[in-house]
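J.: the sequence isn't on hand, but the structure is:
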Ligand code: AMP
Ligand code: GLY
């Protein structure tokens, strides 16, 4: 079977790695991939946003299955396009990808199906928003209704913060818009909860904790994710039952009522308070770096699972998990998430190889003449699986220190809530 993976991050490297272990796979293409994926797959420098040229390539190479990693092409209809050309593809179609593409779309589903979430108001103008603010308690959250890689979310402690957010959004910071969302601020602990679906049924796909803030102790600016661990220590049988009954099942009911179906990974970003779940947001893909921690814990063939989804046969497919802990720490370029230097060589990386319990997943890297250069903010994901989060973290930090990349920084406290109590 020939597979193409769309995307260039750590998530896509982890997918390629896990799939490369399958005896059913003869070739993997990473489109476009990164400096690490070309060790286990063939990188193809092709603009996947141009669906037609993507299709031409898939057709020419007779690729059997396409797996889409990031949200942007999903919300732009890559699945609809490839399906219309009779290509087998794993990921949700454009209409249901709005679960991530439009926070207002998701909130309307929450309202109609009584899904627990932060109280909210959709505002259609600055005046409308300011009027609502005058009746609101702080802190509150203002959100742009667009894909903005987390940047369209403002946690506002004061009226001034909220006014700035509203002005920026309506003035077009994230593109032209005529609506935004104002939400109640939810207290609690965040958890990333994943399921996988074949359109008819779904199965849970493990949990993780992500550290989104750039600084130790979860301080500072939001990032794409500085590290993660799996499984989440928050999850228990009772909570999982509530998540499925109160959040996931009603969402699938809503999708069915829209006469649609959902195929792919679905990532629910949840706030947990007193063992009760609240939906913060949906993402229509695996998380990054959650994916890098979760996939190494799978104890069967990932191709079997994804293929079963594409054939609407997930119900009969087992998903087995190793009884281990997994952690990922992301090595970033100094300056991230603000400005950072590009094209800096990462010497010594060649000394590190993935093995049964240790994994090196590249993100913002490129390979030129056998040398690896950093070209992004998040650069290398170090993953370890073991019997405890504490020993995984020690192992990873040892490696990062040994690599000793001068232009890099990382958070040494990933998992502090479960390790350093
Ligand atoms: P989102 O892109 O909607 O997931 O928001 C990004 C981050 O902002 C989340 O991971 C939370 O940390 C935070 N956040 C978003 N909405 C809320 C809320 N209603 N209450 C508290 N924190 C929130
Ligand atoms: N780790 C957060 C995300 O993938 O959106």
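T.: Perfect, thanks for sending it. Since we're looking at a predicted model, the values are computed, not measured. Ligands and ions are numbered 1, 2, ... in the order given.
J.: right, is the worst-scoring helix or strand of the chain on mean pLDDT up against ligand 2?
T.: The weakest-scoring helix or strand in the chain, judged by mean pLDDT, DSSP states H and E, is strand 153-156 (a mean of 92). No. Strand 153-156 does not reach ligand 2 (C-beta under 6 Å from any ligand atom); its nearest approach is 11.3 Å. From N, CA and C alone the C-beta is placed, and that goes for glycine too.
J.: neighbouring strands of that strand in the sheet, and parallel or not?
T.: Applying DSSP bridges, strand 153-156 is found paired with strand 140-144 (antiparallel).
J.: does ligand 1 have contacts with the strand it pairs with?
T.: Yes. Contact of strand 140-144 with ligand 1 (C-beta under 6 Å from any ligand atom) involves residue 141.
J.: what sits up against that strand?
T.: Defining contact as C-beta atoms under 8 Å, 6 or more residues apart in numbering, one finds that strand 140-144 is touched by 103, 118, 129, 133, 152-156, 162, 165-166, 169, 173-174, 177, 180-185.
J.: buried ones in it?
T.: Across strand 140-144, burial judged by 16 or more other C-beta atoms under 10 Å covers 140-144.
J.: of those residues, closest to ligand 1?
T.: Ligand 1 lies nearest to residue 141 out of those, by C-beta to the nearest ligand atom, at 4.4 Å.
J.: okay, and the closest residue to that closest one other than its chain neighbours sits in which element?
T.: Distances taken as C-beta to C-beta, 6 or more residues apart in numbering put residue 183 closest to residue 141, at 4.3 Å, once the chain neighbours are dropped. Per DSSP states H and E: residue 183 is located in strand 180-184.
J.: please apply the same query to residue 74.
T.: Going by DSSP H and E, residue 74 is in helix 71-75.
J.: now the strands for the stretch 151-300 of the chain?
T.: Applying DSSP state E, counting those that start in this stretch to the stretch 151-300 of the chain gives strands spanning 153-156, 180-184, 189-198, 202-215, 219-230, 263-273, 276-283.
J.: out of those strands, which is closest to residue 247?
T.: strand 276-283 (5.3 Å; C-beta to C-beta).
J.: what about the closest one, distance to the chain center?
T.: How far strand 276-283 lies from its chain's middle: 14 Å, per C-alpha atoms, centre = their mean, to the nearest Å.
J.: now do stretch 151-168
T.: From the chain centre to the centre of stretch 151-168 is a distance of 24 Å (C-alpha atoms, centre = their mean).
J.: same check on stretch 391-410?
T.: How far stretch 391-410 lies from its chain's middle: 23 Å, per C-alpha atoms, centre = their mean.
J.: and if you look at stretch 40-56?
T.: Using C-alpha atoms, centre = their mean, the offset of stretch 40-56 from its chain centre is 21 Å.
J.: go on, stretch 319-335?
T.: 13 Å.
J.: list the buried residues of that stretch.
T.: 319, 324-333.
J.: what residues of stretch 83-94 count as buried?
T.: Neighbour counts over stretch 83-94 (16+ other C-beta under 10 Å) mark 87-94 as buried.
J.: and if you look at stretch 343-362?
T.: Of all the residues in stretch 343-362, those buried under the rule 16+ other C-beta under 10 Å are 344, 346, 349, 352, 354, 358-362.
J.: now the terminal residues of that stretch, how far apart.
T.: Stretch 343-362 has an end-to-end distance of 14 Å (C-alpha to C-alpha, to the nearest Å).
J.: does it reach ligand 2?
T.: No. In terms of C-beta under 6 Å from any ligand atom, no part of stretch 343-362 sits within range of ligand 2; the closest distance is 13.8 Å.
J.: next one: stretch 92-108
T.: No. With C-beta under 6 Å from any ligand atom as the criterion, ligand 2 is not reached by stretch 92-108; the gap is at least 8.9 Å.
J.: still on that earlier bit, need the buried residues of stretch 83-94 in CSV with distance to ligand 1 and secondary structure, can you?
T.: Output for the buried residues of stretch 83-94, formatted as CSV (distance: C-beta to the nearest ligand atom, whole Å; DSSP: H, G, I helix; E, B strand; the rest coil):
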residue, distance to ligand 1, secondary structure
87, 30, coil
88, 30, coil
89, 25, strand
90, 23, strand
91, 20, coil
92, 18, coil
93, 22, coil
94, 20, helix
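J.: interface residues of the stretch 151-300 of the chain facing ligand 2?
T.: Counting by C-beta under 6 Å from any ligand atom, the residues of the stretch 151-300 of the chain near ligand 2 are 210, 225, 283, 287-288, 290.
J.: from those, pick the one nearest residue 26.
T.: residue 288 (26.8 Å).
J.: quick one: that closest one from residue 364, how far?
T.: 12 Å (C-beta to C-beta, to the nearest Å).
J.: tell me, what's touching the two both at once?
T.: With C-beta under 8 Å, 6+ apart as the test, residue 288 and residue 364 both reach residue 9.
J.: what about the two, which has more around it?
T.: Shown here are residue 288 and residue 364; by other C-beta atoms under 10 Å, residue 288 has more neighbours (28 against 22).
J.: and the pLDDT for the residue in the stretch 201-350 of the chain that ligand 1 sits nearest to?
T.: The nearest approach of the stretch 201-350 of the chain to ligand 1 comes at residue 281, 3.7 Å away (C-beta to the nearest ligand atom). What the model reports for residue 281 is a pLDDT of 95.
J.: can you lay out the buried residues of stretch 83-94 as JSON lines showing pLDDT?
T.: Output for these, formatted as JSON lines (pLDDT from 0 to 100):
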{"residue": "87", "pLDDT": "97"}
{"residue": "88", "pLDDT": "97"}
{"residue": "89", "pLDDT": "97"}
{"residue": "90", "pLDDT": "98"}
{"residue": "91", "pLDDT": "98"}
{"residue": "92", "pLDDT": "98"}
{"residue": "93", "pLDDT": "97"}
{"residue": "94", "pLDDT": "97"}
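J.: show me what the one helix or strand residue 382 maps to is packed up against.
T.: Element membership for residue 382 (DSSP H and E) is strand 378-386. On a contact count with 3 or more C-beta pairs under 8 Å, 6 or more residues apart in numbering; DSSP states H and E, strand 378-386 meets helix 10-20, strand 219-230, helix 290-294, strand 325-333, strand 358-362, helix 389-403.
J.: to residue 78, which of the ones you listed lies closest?
T.: Per C-beta to C-beta, nearest to residue 78 of the helices and strands packed on strand 378-386: helix 10-20, 14.1 Å.
J.: quick check: mean pLDDT of that closest one?
T.: The model assigns helix 10-20 a mean pLDDT of 98.
J.: same check on stretch 210-222?
T.: 94.
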